[in-house]
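J.: Predicted model and sequence below, questions to follow.
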Amino acid sequence: MNVIVVPDYEQMSLHAAETVAAEIRARTRTVLGLPTGNTPKGMYRELVRMHQAGELDFSGVVTFNIDEYWGLSPEHPMSFAYYMRTHLVERVNIPAGQANWPVASGDQAAACRDYEERITAAGGLDLVVLGIGGNGHIGFNEPGTSFDTRTHVVRLAEETRLANCRGYGFRDLDDVPEFAISMGIATIMGARKVLLLASGREKAAAVAGAVQGPVTEELPASILQRHPDVTLIVDEQAAFALSPREA
Ligand code: PGA
């Protein structure tokens, strides 16, 4: 794993945007798996700035959101589809039809199959960008998820619902959906390149476990130790618990 420690959130965001931009410039068509949440907001801001400055063309970019709350429509302001449209898709020149998010209602098995088929039809993921949960989840793959999973419907861990309630502006816990649809661990591991971002002391234990702990389904991000091309960009707070060898 390539671990890059930067001073703060701003530097993490700029470095992440540069990494994504390099992938986009490297080929005429780039398929991205993209996260939502608070961590990548600065990265999206910088990608939009690059586009507006004429430095980055998104016409060949295909995006796949990593996850979505089950039961929220793409128009719902708390949905991750809405997040991706407002933070990136509507602010750059990604052509209509090249931004994807999972269907999050109706037949669950069909929705999961459909998402895997769309990713495969796009040629697979060139780069997947991930945040990490305080409990070590990637996407909404909570501790205990089998490493073999592909896109699946998950019951959210209580600590995830609490963190989302506080961090994303839900009015109260009852408003946070109990289920989500998420790319699985095997879907994420199938990406040709992985970039994981982490900022803040509350991520430090999960980052240390992912980088230096045993590979275990109890800490889903630890599986990334087995991926051949992973970069972590973490700020000093999130790197706090790494042993000096990595930090
Ligand atoms: P965050 O979420 O970026 O809002 O901290 C990350 C995650 O839970 O995967």
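T.: In hand now; what should we look at? Values in this document were obtained by computation on a predicted structure and should not be read as measured data. Numbering: from 1, shown residues only.

J.: Which positions are bridged to Ile181 in the beta structure?
T.: Glu68, Val153 (DSSP bridges).

J.: Do I have it right that it meets His152?
T.: Yes. Ile181 lies in contact with His152 (CB atoms under 8 Å); the separation is 7.3 Å. The way it works is simple: take the backbone N, C-alpha and C, and place the C-beta from them, glycine included.

J.: Which neighbours do those two have in common?
T.: Cys112 (CB atoms under 8 Å, 6 or more residues apart in numbering).

J.: Settle it for me: which of the two has more neighbours?
T.: Each of Ile181 and His152 has its neighbours counted (other CB atoms under 10 Å); Ile181 has more, 27 against 24.

J.: List the buried residues for the lowest-mean-pLDDT helix or strand in the chain?
T.: Lowest on mean pLDDT, DSSP states H and E among the helices and strands of the chain sits helix 158-168, with a mean of 94. For helix 158-168, the neighbour count (16 or more other CB atoms under 10 Å) marks Thr160, Arg161, Ala163, Asn164, Cys165 as buried.

J.: For the last one, list the residues it contacts.
T.: Listed by CB under 8 Å, 6+ apart, the contact partners of Cys165 are Asp172, Leu173, Asp175, Val176.

J.: can you redo the residues you listed as CSV with pLDDT, distance to the ligand and neighbour count?
T.: Formatted as CSV, the contacts of Cys165 follow (pLDDT from 0 to 100; distance: CB to the nearest ligand atom, whole Å; neighbours: other CB atoms under 10 Å):
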residue, pLDDT, distance to the ligand, neighbour count
Asp172, 94, 18, 7
Leu173, 96, 16, 12
Asp175, 95, 16, 12
Val176, 96, 12, 19
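
J.: nearest to Phe64, of the residues you listed?
T.: Nearest to Phe64 out of the contacts of Cys165 is Val176 (CB to CB; 23.1 Å).

J.: List the buried residues for the longest helix along the chain?
T.: Across the chain, the longest stretch assigned as helix under DSSP state H is helix 9-26. For helix 9-26, the neighbour count (16+ other CB under 10 Å) marks 9, 11-17, 19-21, 23-24 as buried.

J.: starting at the chain centroid, how far to that helix?
T.: 14 Å (CA atoms, centre = their mean, to the nearest Å).

J.: Going along the chain from it, find the next helix or strand for me.
T.: Proceeding N to C from helix 9-26, the next assigned helix or strand is strand 30-34, under DSSP states H and E.

J.: what inclination does the very next helix or strand once past that following strand have with respect to strand 30-34?
T.: Downstream of strand 30-34, the first helix or strand assigned by DSSP H and E is helix 41-52. Per axes from the mean of the first three to the mean of the last three CA atoms, to 10 degrees, the angle that helix 41-52 makes with strand 30-34 is 150 degrees.

J.: Dump helix 41-52 to PDB, keeping only the CA atoms.
T.: Output in PDB follows, covering the C-alpha atoms of helix 41-52 (Å, rounded to 0.1, in the frame of the first residue of the first chain):
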ATOM      1  CA  LYS A  41     -16.300  17.200  -0.700                       C
ATOM      2  CA  GLY A  42     -13.000  19.100  -1.000                       C
ATOM      3  CA  MET A  43     -11.800  16.700  -3.700                       C
ATOM      4  CA  TYR A  44     -15.000  17.400  -5.800                       C
ATOM      5  CA  ARG A  45     -14.700  21.100  -5.200                       C
ATOM      6  CA  GLU A  46     -11.200  21.000  -6.700                       C
ATOM      7  CA  LEU A  47     -12.200  18.800  -9.600                       C
ATOM      8  CA  VAL A  48     -15.000  21.300 -10.400                       C
ATOM      9  CA  ARG A  49     -12.400  24.100 -10.200                       C
ATOM     10  CA  MET A  50     -10.100  22.300 -12.600                       C
ATOM     11  CA  HIS A  51     -12.900  21.900 -15.000                       C
ATOM     12  CA  GLN A  52     -14.000  25.500 -14.800                       C
END
